[in-house]
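Asks: model this:
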Amino acid sequence: MSLLEEPMHPGEVLKELYLDPLDMGPIALARRLDVPRTRIERLVKGATSMTPDTALRLARAFNTTPAYWMNMQINHDMALACKQVDVSRIEPLFAA
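Replies: Numbers count the residues shown, from 1 in each chain. Below is the predicted model:
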């Protein structure tokens, strides 16, 4: 990924780097994580965001950290916000 590309959604990372190599689908992972199947299905499709609860469960399952998963979501959200939010008219404030 180049620096100009949008960061991947954590659900895309989950699918490409974890589920596909294990030949595991979202439903099977949901069972292992003890969460509703729709949570993982929607996450993989990019239809929902990573939550701290899901990050904790994925960290345990894949021997990562919750921050790994949450930081992906923050980076993805910030990239989208930078494209959508116009802050050009906001004057910076400086403390005396």
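Asks: pLDDT on the one helix or strand D20 maps to, on average?
Replies: If you go by DSSP states H and E, D20 is part of helix 20-22. The pLDDT scores in helix 20-22 average 98.
Asks: got the contact list for the next helix or strand after it?
Replies: Remark: after helix 20-22, the chain's next helix or strand is helix 26-33, criterion DSSP H and E. Applying C-beta atoms under 8 Å, 6 or more residues apart in numbering, the contact partners of helix 26-33 are 15, 19, 36-37, 39-41, 43-44, 54, 57-58, 61. C-betas here are computed from N, CA, C, even on glycine.
Asks: repeat for stretch 57-76
Replies: By C-beta under 8 Å, 6+ apart, the surrounding residues in contact with stretch 57-76 are 6-10, 13-14, 18, 29, 32-35, 49-50, 52, 54-56.
Asks: and if we set it to 6 Å?
Replies: P7, H9, P10, V13, Y18, L33, S49, M50, A55, L56 (C-beta atoms under 6 Å, 6 or more residues apart in numbering).
Asks: switch the residues you listed over to CSV; also include distance to K83, secondary structure and neighbour count.
Replies: Listed next are those as CSV, based on distance: C-beta to C-beta, whole Å; DSSP: H, G, I helix; E, B strand; the rest coil; neighbours: other C-beta atoms under 10 Å:
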residue, distance to K83, secondary structure, neighbour count
P7, 12, coil, 18
H9, 14, coil, 23
P10, 18, helix, 25
V13, 20, helix, 18
Y18, 27, helix, 15
L33, 32, helix, 17
S49, 17, coil, 16
M50, 20, coil, 23
A55, 24, helix, 21
L56, 30, helix, 15
